[in-house]
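Novice: generate a structure from the sequence data that follows.
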Amino acid sequence: MVRLYGFKGCPYCDELKDMYDKNNIDYTFVDVTLKENDAETEKVFKIANEDSVPIILVKKTILAPEKSFKSIEEAYDLTLKFLNE
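Specialist: Just a heads-up that it's a prediction; the model follows:
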């Protein structure tokens, strides 16, 4: 179970989505700019103590930029690591 929080046009989000798609990683994209996602986005940003994207929820682990990963490749590798635990 992977949820990717970002917004359309975010180059980092798009790069990560491309990596997930090419490697058949099943994920749900949550657009943080849509009103319907406000409550969920606010909760995840608060837990992560972060308001930058992409934020990734893998099972019950939240990965936030600069705190959990420094590059999109590292974010992808961490996603795989937590999926395989």
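
Novice: now T33: how far from K70?
Specialist: Applying C-beta to C-beta, to the nearest Å, the value for T33 to K70 is 25 Å. Using the backbone N, CA and C atoms, a C-beta is placed for each residue, glycine as well.

Novice: out of those two, which sits in the busier spot?
Specialist: T33 (13 against 10; other C-beta atoms under 10 Å).

Novice: OK, contacts around the more buried one?
Specialist: Residues counted as contacts of T33 (C-beta atoms under 8 Å, 6 or more residues apart in numbering) are F7, K8.

Novice: phi, psi for it please.
Specialist: Backbone torsions of T33, given as degrees, to the nearest 10, read phi -90, psi -10.

Novice: so T41 makes contact with Y5?
Specialist: Yes - T41 is within contact range of Y5, at 6.4 Å (criterion: C-beta atoms under 8 Å).

Novice: more crowded one of the two?
Specialist: Y5 (26 against 21).

Novice: just give the nearest non-adjacent residue to the more buried one, would you?
Specialist: I55 (4.2 Å; C-beta to C-beta, 6 or more residues apart in numbering).

Novice: any idea where the helices of the chain begin and end?
Specialist: For the chain, helices defined by DSSP state H occupy the ranges 11-22, 38-48, 72-83.

Novice: nearest to K59, out of those helices?
Specialist: Nearest to K59, of all the helices of the chain, is helix 72-83, at 6.0 Å by C-beta to C-beta.

Novice: same for the closest one, what does it pack against?
Specialist: For helix 72-83, the packing partners by 3 or more C-beta pairs under 8 Å, 6 or more residues apart in numbering; DSSP states H and E come out as helix 11-22, strand 55-58, strand 61-63.
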